[in-house]
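Peer 1: okay, sequence plus prediction incoming.
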Amino acid sequence: MPAHDASLTAEAHDRRRLLMERSRPGRTGVSLPASDVPEQKLPDPSLLRTSLDLPEVTEGEVVRYFTHLSQLNFSVDTHFYPLGSCTMKYNPRFNEAMAGLAGFASAHPQQPERQVQGAIEVMYRLQELLAEVTGMEAVSLAPLAGAQGELAGMLTIRAALEGRGEGHRRKMLIPDTAHGTNPASAAMAGFGVVSVPSNADGNIDLDALRAEADGDLAGIMLTQPTTLGLFDRNAVEMCRIVHEAGGLVYGDGANMNALLGRVKLGDLDFDVVHLNLHKTFSTPHGGGGPGAGPICTNATLTPFLPGPVAVRRDSGAYGLEMPPKSIGRVGGFAGNFGVLVRAFTYITLLGGQGMLDISGNAVLNANYLLVMLRELYDLPFDRRVMHEVVFSAKKRPGANALNVSKRLLDHGFHAPTMYFPLVVAEALMIEPTETESKETLDAFIEALTAIDAEAARDVASLNEAPSETPVSRLDEAAAARHPQLRWQRNG
Ligand SMILES: *Cc1c(COP(=O)(O)O)cnc(C)c1O
């Protein structure tokens, strides 16, 4: 029971009752017609339950209960959600409608190609669009998530190195700001991970890179923009150094909001790049899926792409094929097709000017927050940012990323990403996205200003936050280790 129950109104208390607590003998939510089929014999009684502890409630109570539960959560549809590196932007409903069209939603992956030409054409045209967006030669839509795209990309690099008789190259460099999936993907693909530091500007440290660029070098994984929300100005030189040493360059393009229509990673000389369609290209995420993490390659790596990829045959018909030296399949069938339809709709509808508007507004919004909050919160890398800005909450003694984030919930905002990237102490990583208005950003600034004033006045009170949410401070370790996933009468 939450600590604040005493202050609840009777009505609020009533709405919190669990379904089981609402149960009254004999109440029912369904009325079944009399059976019009012959009765069947039940299995042996030893296999049957004698009682089943189900709530006895009316349909109306069930609807009210679950609707209320659904409203206890934060979502992009109800709240500003500045979760850095996640791009929790508003996604147009029109994309949902297109993904739901019967010809797409009801297509079966085992149908013969001639019956699903339209669906394969969407995949083909999306590949072309993503190749254009990234400045790369070819695209595979097969990976089902960003992390899976990374693994697939790592495997193409490994296959290419082995193909040229350099399979002994096993060193994969990863900057210290990288998303945790990067070292995990490299290790899963059989590489040894070596961390490379960032310099005082937040760019990759080129001297440290040169020291590692030897005959064992397989490649490097660089996130651009970096997880500090910065455009790594050393990227071109980094590619040159790695290529000269015989390695290949992986670009983590999970967060493309700031670069759309302005910078192509292919032009910077990356060899393979993944995109997160469920961040930049309009599939809502945060609930654990489905997603899509297409990878885009230059000519060196294209033959190794995971399959299937959509092709247009000489006859003009579309088909799905495995690339000649493919690393194989990374999932069932042809990827998360609904996610692909949303991305295709989104890009086609917005067009080139729309892409420029996204990146322009994403960068403007992040820099607006930077300028308005820089006096209150530490800015470890004092530079113009891209799609997000990383502050440190440690400026006020006693204030930290956790208690500031928890208090933000009371002000009606989802918390930013905290304690990441690891190179920033008490990191608050804030990504406003392009779809938020100035009024929303101003309200958010006002909340963070009030929290800073609270920290100055009585920092201990911050540790009590949140107090306005349905439950207050949770024991997160216990919640993860001993989750209570179902109601038990005595549990
Ligand atoms: C989100 C993210 C990933 C991983 O994407 P998933 O779809 O969650 O696997 C990788 N790198 C960066 C920089 C990200 O922000």
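Peer 2: Looks like it came in fine. Numbers count the residues shown, from 1 in each chain.
Peer 1: contacts, neighbours, all on C-alpha from now
Peer 2: Fine.
Peer 1: can you pull the contacts of Arg407?
Peer 2: Applying CA atoms under 8 Å, 6 or more residues apart in numbering to Arg407 gives the contacts 451, 462, 465-466.
Peer 1: give the contact list for the one residue in the stretch 301-450 of the chain that gets nearest to the ligand.
Peer 2: For the stretch 301-450 of the chain and the ligand, the shortest gap (CA to the nearest ligand atom) falls at Pro421, measuring 9.9 Å. By CA under 8 Å, 6+ apart, the residues touching Pro421 are 177-179, 227-228, 427, 429.
Peer 1: nearest spatial neighbour of Thr177, skipping sequence neighbours?
Peer 2: Pro421 (5.6 Å; CA to CA, 6 or more residues apart in numbering).
Peer 1: three-state assignment of the one you found?
Peer 2: Here Pro421 is coil, with the state taken from DSSP: H, G, I helix; E, B strand; the rest coil.
Peer 1: and the residue nearest to Thr87 when sequence neighbours are not counted, which of the three is it?
Peer 2: With CA to CA, 6+ apart as the criterion, Thr87 has its nearest non-adjacent residue at 5.2 Å, and that residue is Lys279. Here Lys279 is recorded as coil under three-state DSSP.
Peer 1: was I right to think Lys279 contacts Ala254?
Peer 2: Yes. Using CA atoms under 8 Å, Lys279 is in contact with Ala254, at 7.1 Å.
Peer 1: re earlier: residues near the residue nearest to Thr87, how many?
Peer 2: By the measure other CA atoms under 10 Å, the count of residues near Lys279 is 25.
Peer 1: ok, now Ala213?
Peer 2: There are 22 residues near Ala213, going by other CA under 10 Å.
Peer 1: same deal with the one 4 residues further on?
Peer 2: Counted with other CA under 10 Å, the neighbours of Leu217 add up to 23.
Peer 1: which non-adjacent residue is nearest it?
Peer 2: Nearest non-adjacent residue to Leu217, counting by CA to CA, 6+ apart: Lys171, 4.8 Å away.
Peer 1: hey, what's the one you found bridged with?
Peer 2: Gly192, Leu217 (DSSP bridges).
Peer 1: could you check the pLDDT of it?
Peer 2: Listed pLDDT for Lys171 reads 98.
Peer 1: my read: it touches Gly192, true?
Peer 2: Yes. Using CA under 8 Å, Lys171 is in contact with Gly192, at 5.1 Å.
Peer 1: more neighbours, the two?
Peer 2: Each of Lys171 and Gly192 has its neighbours counted (other CA under 10 Å); Lys171 has more, 23 against 16.
Peer 1: so how far is Thr50 from the more buried one?
Peer 2: 62 Å (CA to CA, to the nearest Å).
Peer 1: can you pull the contacts of Gly80?
Peer 2: No Gly there; residue 80 is Phe. By CA under 8 Å, 6+ apart, the contact set of Phe80 is 413-414, 436, 440.
Peer 1: hmm, which two among those are most spread apart?
Peer 2: Longest distance between any two of the contacts of Phe80 is 13.6 Å, between His414 and Glu436; criterion CA to CA.
Peer 1: the two: which has the busier surroundings?
Peer 2: Under the neighbour definition other CA under 10 Å, His414 and Glu436 were set side by side, and His414 has more, 21 against 17.
Peer 1: within the helices and strands, which one has that one?
Peer 2: Counting by DSSP states H and E, no helix or strand carries His414.
Peer 1: could you dump the contacts of Phe80 into TSV and include distance to Leu19 and pLDDT?
Peer 2: Converted to TSV, those look like this (distance: CA to CA, whole Å; pLDDT from 0 to 100):
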residue	distance to Leu19	pLDDT
Phe413	28	97
His414	27	96
Glu436	37	97
Thr440	36	98
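Peer 1: can you pull the contacts of the residue nearest to Thr87?
Peer 2: Shown in contact with Lys279 (CA under 8 Å, 6+ apart): 86-88, 254-255, 285.
Peer 1: now, which of those lie close to the ligand?
Peer 2: Residues of the contacts of Lys279 in contact with the ligand (CA under 6 Å from any ligand atom): 86, 254-255.
Peer 1: out of these, the closest to the ligand would be?
Peer 2: Nearest to the ligand among the ones next to the ligand among the contacts of Lys279: Ala254, at 4.8 Å, using CA to the nearest ligand atom.
Peer 1: what pLDDT does the closest one get?
Peer 2: On pLDDT, Ala254 comes in at 97.
Peer 1: do Asn490 as well
Peer 2: On pLDDT, Asn490 comes in at 65.
Peer 1: go on, Ala10?
Peer 2: pLDDT at Ala10 comes out at 65.
Peer 1: can you pull out the helices in the stretch 1-150 of the chain?
Peer 2: Counting by DSSP state H, counting those that start in this stretch, the stretch 1-150 of the chain has helices at residues 10-16, 19-22, 59-71, 93-99, 102-105, 117-134, 146-163.
Peer 1: Pro137: what's it in contact with?
Peer 2: For residue 137 the amino acid is Glu, not Pro. 131, 296-299, 302 are the contacts of Glu137 under CA under 8 Å, 6+ apart.
Peer 1: same check on Val139?
Peer 2: Shown in contact with Val139 (CA under 8 Å, 6+ apart): 127-128, 130-131, 294-297, 302, 305, 309.
Peer 1: if we use 10 Å, what do you get?
Peer 2: Contacts for Val139 (CA atoms under 10 Å, 6 or more residues apart in numbering) come out as 124, 126-131, 272-274, 294-298, 302, 305-307, 309-310.
Peer 1: ChimeraX command to pick out the buried ones of these?
Peer 2: In ChimeraX syntax, the buried subset of these is picked out as below (16 or more other CA atoms under 10 Å):
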select :124,126,127,129,130,131,272,273,274,294,295,296,297,298,302,305,306,307,309,310
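Peer 1: how about the residues of the chain by the ligand?
Peer 2: Proximity of the chain to the ligand, by CA under 6 Å from any ligand atom, involves residues 85-86, 145-147, 179, 181, 252, 254-255.
Peer 1: and if we set it to 5 Å?
Peer 2: Remark: the part of the chain in contact with the ligand comprises 85, 145-147, 254, using CA under 5 Å from any ligand atom.
Peer 1: how far does the helix or strand Asp207 falls within sit from its chain's centre?
Peer 2: In this assignment (DSSP H and E), Asp207 forms part of helix 206-212. Relative to its chain's centre, helix 206-212 lies at 31 Å (CA atoms, centre = their mean, to the nearest Å).
Peer 1: CA-only coordinates of that helix in CSV, if you can.
Peer 2: In CSV, the C-alpha atoms belonging to helix 206-212 read as follows (Å, rounded to 0.1, in the frame of the first residue of the first chain):
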residue,chain,number,x,y,z
LEU,A,206,42.5,10.6,-32.3
ASP,A,207,45.8,10.0,-30.6
ALA,A,208,44.3,7.2,-28.6
LEU,A,209,42.8,5.9,-31.8
ARG,A,210,46.1,6.0,-33.7
ALA,A,211,47.8,4.0,-30.9
GLU,A,212,45.3,1.2,-31.5
